[in-house]
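# quick one: sequence and predicted model below, then my questions.
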Amino acid sequence: MNASVAQELVELNGLIDEVDDPRECYAAVCDCIRKHREAGNEIPEDLARLERVMLTECLSASQGR
């Protein structure tokens with residue numbers, strides 16, 4: 001993992017810690033992934049994993065868990 005991806009993950013994790021709404025966090029992760037795709041970069045596994053975790057959080061929140 002290169003330094004820029006590591007920095008993105010640090011920033012996203014900081015956002016996740018600060019924000020209570022999982023939808024906002026999921027949107028930020030998806031935006032980061034979209035930027036990687038538009039640049040023609042491969043999606044880092046850690047970023048894809050974070051997207052799955054945030055999607056699970058959103059689904060849990062929508063079900064009242």
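Right, received. Where do you want to start? Numbers count the residues shown, from 1 in each chain.
# so which residue is dead centre in the chain?
Val29 (2.7 Å; CA atoms, centre = their mean).
# distance check, it against Ser62.
Here the criterion is CB to CB, to the nearest Å. By it, Val29 lies 17 Å from Ser62. The C-beta positions use only the backbone N, C-alpha and C, and glycine is treated the same way.
# does anything pack onto the helix or strand harbouring Ala61? Which helices or strands?
Using DSSP states H and E, Ala61 falls within helix 45-62. Under the contact criterion of 3 or more CB pairs under 8 Å, 6 or more residues apart in numbering; DSSP states H and E, helix 45-62 touches helix 3-18, helix 22-38.
# got the ones you listed as CSV, with distance to Asp46 and mean pLDDT columns?
Output for these, formatted as CSV (distance: least, CB to CB, whole Å; pLDDT from 0 to 100):
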stretch, distance to Asp46, mean pLDDT
helix 3-18, 6, 92
helix 22-38, 11, 95
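# need the winner for burial among these.
helix 22-38 (a mean of 15; mean count of other CB atoms under 10 Å).
# report the angle between it and helix 3-18.
Per axes from the mean of the first three to the mean of the last three CA atoms, to 10 degrees, the angle that helix 22-38 makes with helix 3-18 is 170 degrees.
# who touches helix 22-38?
8, 12, 15-16, 19, 42-44, 47-48, 50-51, 54-55, 57-58, 60-61 (CB atoms under 8 Å, 6 or more residues apart in numbering).
# buried members of those residues into ChimeraX, please.
Remark: buried members of the contacts of helix 22-38, expressed as a ChimeraX selection using 16 or more other CB atoms under 10 Å:
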select :8,12,16,44,47,50,51,54,57,58
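# and Glu57, what's its pLDDT?
Note on Glu57: pLDDT of 92.
# now it: closest residue in space, sequence neighbours ignored.
Spatial nearest neighbour of Glu57, excluding adjacent residues (CB to CB, 6 or more residues apart in numbering): Pro22 at 4.0 Å.
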